[in-house]
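Student: I'll drop the sequence and a predicted model, then ask my questions.
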Amino acid sequence: MPNPDSAQKTAVRNAAAVIVLRDRQSSPRILMGQRGANAAFMPNKFVFPGGALDPADHEVPLAAALPDICAMRLAETAEPGLAQALAAAAIRELWEETGLVLGVPGAWPGEVPPDWQSFAATGHRPAASPLQFVFRALTPPGRPRRFDARFFLVDASDLSGDPDDFSAASDELSHLQWVSLRDARSFDMPFITEVVLAEIAARVTDRAPPPSVPFFKNDDEESLFLRLRGAGPLGPRVA
């Protein structure tokens, strides 16, 4: 007999978020914005730029691919071919929500997808090589929206243009600002954002990839804390 609750389960969408860090050696700051009061997911909270994967993100010709270790870790417990699409989504969401460009000058080969036309109009192609995969979290069951979110860290020095120029940003996030890493926890933010911040703070001066990537896996059966190491067929390991 069918489970009467099965129809009520919220579909999980792949998503990407970007933590932009500047002045990491002196007074580290991160870029955050506030979600609207009427947002269906995390209203009024201060968050990193990010959002759901779009179908077109799978087809975007990246000018530079993700580092191999990041791609390997993103591939663990995920459908094949997702890593570069998630990187593209991270770059697109960063552009849409902040007006900041992570890319290199150049013309696009072929037709530009509709969701990428404003990015392409800046004269850049998206480049994923500066991105560092640092965290993954699956929204717990029972929420109005659920995401399998991958968090990427990038240094502000890798952006094209002025990191203080948000003039091209959409209205998805308000109060865009560079927040001192020391003071960030005084902002009203989701619990998982606080956890990610703690990970970043612990490695703020180290630009090398982390030894492993934390994965908070909250599904219908259990909640696990895993470590993604790019372990190939062995998959992730419980910390």
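Tutor: Yep, it's here.

Student: how about the lengthiest helix in the chain: buried residues?
Tutor: Across the chain, the longest stretch assigned as helix under DSSP state H is helix 83-98. Within helix 83-98, the residues scored as buried using 16 or more other C-beta atoms under 10 Å are 83-98. Bear in mind the C-beta positions are built from the backbone N, C-alpha and C, glycine included.

Student: of these, closest to Ser27?
Tutor: Nearest to Ser27 among these: Thr98, at 20.3 Å, using C-beta to C-beta.

Student: with Asp115 as the reference, measure out to that closest one.
Tutor: Note on Thr98: its distance to Asp115, by C-beta to C-beta, to the nearest Å, is 16 Å.

Student: the closest residue to Leu224 other than its chain neighbours and Ile19, how far apart?
Tutor: In this structure, Leu224 finds its nearest non-sequential neighbour in Lys217, 4.6 Å apart by C-beta to C-beta, 6 or more residues apart in numbering. Going from Lys217 to Ile19 by C-beta to C-beta gives 20 Å.

Student: between those two, which is the more surrounded one?
Tutor: Between Lys217 and Ile19, counted using other C-beta atoms under 10 Å, Ile19 has the larger neighbour count: 23 against 18.

Student: which SS class is the residue nearest to Leu224?
Tutor: Here Lys217 is strand, with the state taken from DSSP: H, G, I helix; E, B strand; the rest coil.

Student: what of Gly110?
Tutor: coil.

Student: what about it, how many neighbours?
Tutor: Per other C-beta under 10 Å, the neighbour tally for Gly110 reads 7.

Student: wait, what's in contact with it?
Tutor: Each residue near Gly110 by C-beta atoms under 8 Å, 6 or more residues apart in numbering is listed here: Pro61.

Student: quick check: Glu222 vs Pro140, distance?
Tutor: Separation of Glu222 from Pro140 (C-beta to C-beta): 11 Å.

Student: the two - which one has more neighbours?
Tutor: Remark: of Glu222 and Pro140, Pro140 carries more neighbours, 14 against 7, as counted by other C-beta under 10 Å.

Student: pLDDT score for that one?
Tutor: pLDDT recorded at Pro140 is 85.

Student: how about it: what's its closest non-neighbour residue?
Tutor: Nearest non-adjacent residue to Pro140, counting by C-beta to C-beta, 6+ apart: Asn218, 3.9 Å away.

Student: all strands for the protein, in order.
Tutor: For the chain, strands defined by DSSP state E occupy the ranges 12-22, 29-35, 46-47, 50-52, 103-105, 124-126, 132-138, 146-155, 173-180, 213-218, 223-228, 237-238.

Student: so for the longest one, what gets flagged as buried?
Tutor: If you call a residue buried by 16+ other C-beta under 10 Å, then strand 12-22 has these buried ones: Asn14, Ala15, Ala16, Ala17, Val18, Ile19, Val20, Leu21, Arg22.

Student: I am finished for the moment; much appreciated.
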